[in-house]
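need coordinates for the below:
(3 chains)
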Amino acid sequence: MNFVHIVALLAVAQYFAFGVLVGQARGRYGVKAPAVTGNENFERAFRVQMNTLEQLAAFLPSLLIAAVYWSGALVAAIGAVYLAGRFVYRQAYVSNPTGRQLGFLLTVAPTSVLMAMGLVGASIRA
Amino acid sequence: MNFVHIVALLAVAQYFAFGVLVGQARGRYGVKAPAVTGNENFERAFRVQMNTLEQLAAFLPSLLIAAVYWSGALVAAIGAVYLAGRFVYRQAYVSNPTGRQLGFLLTVAPTSVLMAMGLVGASIRA
Amino acid sequence: MNFVHIVALLAVAQYFAFGVLVGQARGRYGVKAPAVTGNENFERAFRVQMNTLEQLAAFLPSLLIAAVYWSGALVAAIGAVYLAGRFVYRQAYVSNPTGRQLGFLLTVAPTSVLMAMGLVGASIRA
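Modelled structure (predicted):
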């Protein structure tokens, strides 16, 4: 479970870091709160953070519940793919939003696998 | 706890499915990333997903903490109301946003009950 | 762990309450769903709720994982700073978005501390 907790907290830290980049983009591109539109570069940074929040909300419960039923090392390894996928996603999105599919897939796929593992594990023991 | 985990993961899967529908709506209504406005039908699908994220963030911790202090079967049954409520919410919102109150209530009410159960359970044992 | 659960659920309840205020602001300022822009006061209430969701997604896992490795009373006390910070944040944002830094810091700092505590705790025992 410890490795799973490390992956979970690294995913939170990564998401937090993306949020810091949104704050910096607000200053750099002059988008004043509460506005979240008006500059394409700001919007890209903002959408990366929002999409990461959207993914994190599915990833964390799937990761932590899968770890109840399966080997922590296996679950943590699948979770590490998500972490890498998010970095790929951010790089692609910021340079060109239409090229974000690979990074997106690399986060949706591990989450889907963990979700299925959790459902199977919980169903078998129910 | 196993039934509670199944309900938790089904809520995550439901939310994930709503996200897929947003992706499809992007293509169908020609709303290019990072834009999230510009077409009413896309905005409805997007707001359903965002509202489900907003609800999920309250539902999952309430569900999982309530299950620490109360019967898993009872907690899972209350959680199942949330799942049904979200489907009702989506159907209503997509056809007409002003008719979304019932589905909204059917997700806010079970979450509020689980939140109260968790607070009472944790307070009694504190 | 019980005090930690109480803080976790109070954070969820606080976030829920901010959501109710957004619903009221929709009515008061005449912003019809699915729109989320068009009135500055509505946008402030909406951004407070969204920012609280963004913070909650980092706070809750950090809080609950830190509590696995450290004293529940200590973790709950740090979590209480987050709760207070969010109220400060909301008050400041609604009256003037440029004055939201203190409240923001009071929520980012406890979350960062809990995240670091969880990472250290899980790494030592790994």
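
A:T52 contacts A:A13, correct?
No. Using C-beta atoms under 8 Å, A:T52 is not in contact with A:A13, being 11.5 Å away. The way it works is simple: take the backbone N, C-alpha and C, and place the C-beta from them, glycine included.

the two: which has the busier surroundings?
When A:T52 and A:A13 are compared for neighbours, A:T52 comes out ahead with 24 against 18, by other C-beta atoms under 10 Å in any protein chain shown.

for that one, what are its contacts?
Contacts for A:T52 (C-beta atoms under 8 Å, 6 or more residues apart in numbering or on different chains) come out as A:Q14, A:Y15, A:F18, A:R86, A:Y89, A:R90.

phi, psi of A:G30?
Dihedral angles phi and psi of A:G30 (degrees, to the nearest 10) take the values phi 60, psi 40.

what number of residues lie near it?
Applying other C-beta under 10 Å, we find 11 other residues in the vicinity of A:G30.

and it, how close does it get to C:V22?
Taking C-beta to C-beta, to the nearest Å as the measure, A:G30 falls 26 Å from C:V22.

for A:T107, which non-adjacent residue is closest in space?
Leaving aside its sequence neighbours, A:T107 sits nearest to A:G85 (C-beta to C-beta, 6 or more residues apart in numbering or on different chains; 4.1 Å).

go on, A:I124?
Ranked by C-beta to C-beta, 6+ apart and with sequence neighbours excluded, the top spatial neighbour of A:I124 is A:Y69, at 7.8 Å.

next, the buried residues of stretch A:38-50.
A:N39, A:F42, A:E43, A:R44, A:A45, A:F46, A:R47, A:V48, A:Q49, A:M50 (16 or more other C-beta atoms under 10 Å in any protein chain shown).

show me where chain A has helices.
Secondary structure of chain A (DSSP state H): helices at A:2-29, A:40-69, A:72-95, A:101-125.

could you say what helices and strands the shortest one packs with?
Identification of packing neighbours for helix A:72-95 by 3 or more C-beta pairs under 8 Å, 6 or more residues apart in numbering or on different chains; DSSP states H and E yields helix A:2-29, helix A:40-69, helix A:101-125.

and the angle from the longest one to helix A:101-125?
Right, the one you point to is helix A:40-69. 20 degrees (axes from the mean of the first three to the mean of the last three C-alpha atoms, to 10 degrees).

go on, the first one?
Taking the same axes, to 10 degrees, one finds that helix A:2-29 is oriented at 150 degrees with respect to helix A:101-125.

and helix A:2-29, does that touch chain B?
No. Judged by C-beta under 8 Å from any C-beta of the partner chain, helix A:2-29 makes no contact with chain B; its nearest approach is 11.8 Å.

helices or strands next to that helix in the packing?
Under the contact criterion of 3+ C-beta pairs under 8 Å, 6+ apart, the helices and strands touching helix A:2-29 comprise helix A:40-69, helix A:72-95, helix C:40-69, helix C:101-125.
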